[in-house]
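1. Structure of the sequence below:
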Amino acid sequence: LKSHIKEIPFQAHMFPNFIRPDLALCERSKTELRFTEHEKTIINTFGSISGSVANIQTTAMVRGHFGMQFRATEIPAGSGSGFLWDDEGHVVTNYHVVANSAAGRSRGGHSPSSVKVKLHGLAEPQEATIVGVEPEKDLAVLKLQNKSKLPKPIAIGTSNDLMVGQTVLAIGNPFGLDNTLTTGIVSAIGRDVQGVGGRQIRGCIQTDAAINPGNSGGPLLDSSGKLIGVNMAMISSHHGGGNIGIGFAIPVDTVRRVVHQLIKHGRVMRPTIGVALVDDRLVQIIESQVGKQLEGILIAEVYANSPASQAGLEPCYMNRYGTVELGDLITHVDGEAVTQVEDFLSIIEEKRRGEKIKLQLWKNSDSKQVRTVTVTLTDREQLDKLSPYARDYGC
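-> Next up, the predicted model:
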């Protein structure tokens, strides 16, 4: 019987839907061999994170005459990137992405009439509300109105242990191109970058990963997919305005602190010791009048019942002859020298209410009377209760 059985060779065209398991396994092995371990890590990281990256579109209402009628029309106001922060539907982005316009930011920042968030895994954009903004850190928190079927939020890493040279990934929507991945390294750490709020953002991450218009607000990730920063700015060429390999991100340690306060309070609760400080330019004038250099920051006012008052700090004042009597001059905060008001503010805002700080100062601005005092920080809300007449710009 065997002698009458003819062996028929396998012909693929006779079975178009048939896939030989041995060949499929071989093809898959060949595909995997095409990538290095480093490439596999990036591919897997992008695949697991990209669904949590958002495309953010804002619109604004413009009122004007249309024919014989006067009515409002909704027009595009801005766009950028963001990412899902938690399971409650909070989305983090840059403040300038949701600010109405550059003119609006200079007047304190007018919110757009509508914010829509499109996550990669969702079919349609969703309406979002603005929970809070912090212009001085260029951060904003939005909240999706519909929290169903949300992807997994991005895991939060740390930025205080970053190393120059480590691999980073930036995901965003440059020039409106959804879900674009660029890679690079940490080029430098501890950069101070001018924010849209007019003050410097300390400790920023410099990277050569391409951060182009539209990437703003997107995540900067380490190779394991953990958030290490929020992309915010780039240095562009004078001619084309494109990326030249120098971009910056807000460090995640700062982002975490600001975002938690925005979610909880709707604004950032800045710590304070309860003083007003003399403007740096005015200090220079005072130096010329008194004939000596004041290497620190002068106290202009100490609010009643404040931590500074309890620590015995003394402000400058005008005597009856119309000349300035110098008060205490703060030279160091926790051992770090402060030579201008911005130095002091930048150190204080990294602290929390209840923390103790050590101030080294010259009593009555006399370099021979150096003393150190410990002050417990409070916040603006508590200071208002302790000293109702404290001005908003107190430190």
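2. can we go C-alpha only for contacts and neighbour counts from here?
-> Fine.
3. Tell me, how many residues neighbour Met234?
-> A total of 24 residues lie near Met234 under the criterion other CA atoms under 10 Å.
4. Let me know whether my guess that it is in a helix holds.
-> No: counting by DSSP: H, G, I helix; E, B strand; the rest coil, one finds Met234 to be strand, located in no helix.
5. hey, what's it bridged with?
-> Gly247 (DSSP bridges).
6. Please point out which parts of the helix or strand hosting Gln289 sit buried.
-> Element membership of Gln289 [criterion: DSSP states H and E] is helix 280-290. Residues of helix 280-290 classed as buried: Asp280, Val283, Ile286 (neighbour count, 16 or more other CA atoms under 10 Å).
7. tell me the least confident of those residues?
-> Scanning these for pLDDT, the smallest score is found at Asp280, 86.
8. Can you tell me the closest non-neighbouring residue to it?
-> Sequence neighbours aside, Gln340 is the residue nearest to Asp280 in space, at 6.1 Å (criterion: CA to CA, 6 or more residues apart in numbering).
9. Model confidence for the one you found, exactly?
-> For Gln340, pLDDT reads 86.
10. same question, Asn215
-> 86.
11. for Ser236, same thing?
-> Taking Ser236 on its own, its pLDDT is 61.
12. what does Val53 give?
-> At Val53, pLDDT is 93.
13. In this structure it contacts Ile171, no?
-> Yes: assessed by CA atoms under 8 Å, Val53 is found in contact with Ile171 at 7.2 Å.
14. What does Cys316 show for phi and psi?
-> Cys316 adopts backbone torsions of phi -70, psi 160, taken as degrees, to the nearest 10.
15. er, Glu127 actually
-> Dihedral angles (degrees, to the nearest 10) for Glu127: phi -70, psi 140.
16. Tell me the bridge partners for it.
-> Lys116.
17. Mutual contacts of Val53 and Ile171, please.
-> Residues touching both Val53 and Ile171 (CA atoms under 8 Å, 6 or more residues apart in numbering) are Asn179, Gly218, Pro219.
18. Most neighbours among those residues, which one?
-> In the shared contacts of Val53 and Ile171, the most neighbours by other CA under 10 Å go to Pro219, 34 neighbours.
19. returning to what we had before: which single one of the buried residues of helix 280-290 is nearest to Val375?
-> Asp280 (22.9 Å; CA to CA).
20. Tell me how far the closest one lies from Thr272.
-> Per CA to CA, to the nearest Å, Asp280 is found 19 Å from Thr272.
21. now swap in Ala233 and tell me
-> 29 Å.
22. same check, this time on Gln369
-> Separation of Gln369 from Thr272 (CA to CA) stands at 25 Å.
23. Comparing those two, which shows the higher neighbour count?
-> Taking other CA under 10 Å, Gln369 and Thr272 do not tie; Thr272 has more neighbours (26 against 11).
24. Next one, pLDDT for that one please.
-> 91.
25. So Thr182 sits against Asn173, correct?
-> No: using CA under 8 Å, Thr182 makes no contact with Asn173, being 10.7 Å away.
26. What backbone torsions are found at the closest residue in space to Leu119 that isn't next to it in sequence?
-> Ranked by CA to CA, 6+ apart and with sequence neighbours excluded, the top spatial neighbour of Leu119 is Ala54, at 4.5 Å. Backbone torsions for Ala54, taken as degrees, to the nearest 10, come to phi -110, psi 150.
27. residues near Ala54, how many?
-> 31.
28. Relative to Val259, how far out is Arg270?
-> 13 Å.
29. Which one's more surrounded, these two?
-> Between Arg270 and Val259, counted using other CA under 10 Å, Val259 has the larger neighbour count: 26 against 20.
30. give the contact list for the more buried one.
-> Val92, Leu139, Ala140, Val141 are the contacts of Val259 under CA under 8 Å, 6+ apart.
31. helix, strand or coil for it?
-> Counting by three-state DSSP, the backbone at Val259 sits in helix.
32. With Gln293 instead?
-> Gln293 falls in the coil class when you classify it by three-state DSSP.
33. just Thr58 next, same as before
-> Per three-state DSSP, Thr58 ends up strand.
34. Test my guess that it contacts Gln126.
-> No: assessed by CA under 8 Å, Thr58 is found out of contact with Gln126, at 11.6 Å.
35. what do these two both touch?
-> Joint contacts of Thr58 and Gln126 (CA under 8 Å, 6+ apart) are Lys116.
36. Comparing those two, which shows the higher neighbour count?
-> Taking neighbours as other CA under 10 Å, Thr58 and Gln126 compare with Thr58 leading, 23 against 17.
37. Against Leu119, how distant is that one?
-> To Leu119, Thr58 is 15 Å away according to CA to CA.
38. Show me the helices in the protein, by range?
-> Taking DSSP state H as the test, the helices found in the chain are 21-33, 37-49, 95-98, 102-106, 252-265, 280-290, 307-310, 341-348, 380-386.
39. any idea which of those is most buried?
-> helix 95-98 (a mean of 27; mean count of other CA atoms under 10 Å).
40. what distance separates it from the centre of its chain?
-> Chain-centre distance of helix 95-98: 11 Å, with CA atoms, centre = their mean, to the nearest Å.
41. same thing with stretch 285-305?
-> Distance, centroid of stretch 285-305 to centroid of chain: 33 Å (CA atoms, centre = their mean).
42. and what of stretch 218-226?
-> 14 Å.
43. May I ask which helix or strand of the chain has the lowest mean pLDDT?
-> helix 102-106 (a mean of 37; mean pLDDT, DSSP states H and E).
44. circling back to that earlier point, I'd like to know how many residues surround the residue nearest to Asp280.
-> 20.
45. Now the phi/psi pair for it, please.
-> In terms of degrees, to the nearest 10, the main-chain angles of Gln340 are phi -150, psi 160.
46. Okay, now the unreliable bits of the stretch 251-395 of the chain?
-> 386-395 (pLDDT under 70).
47. Filter the contacts of Val259 down to just the buried residues.
-> Looking at the contacts of Val259 with 16+ other CA under 10 Å, the buried ones turn out to be Val92, Leu139, Ala140, Val141.
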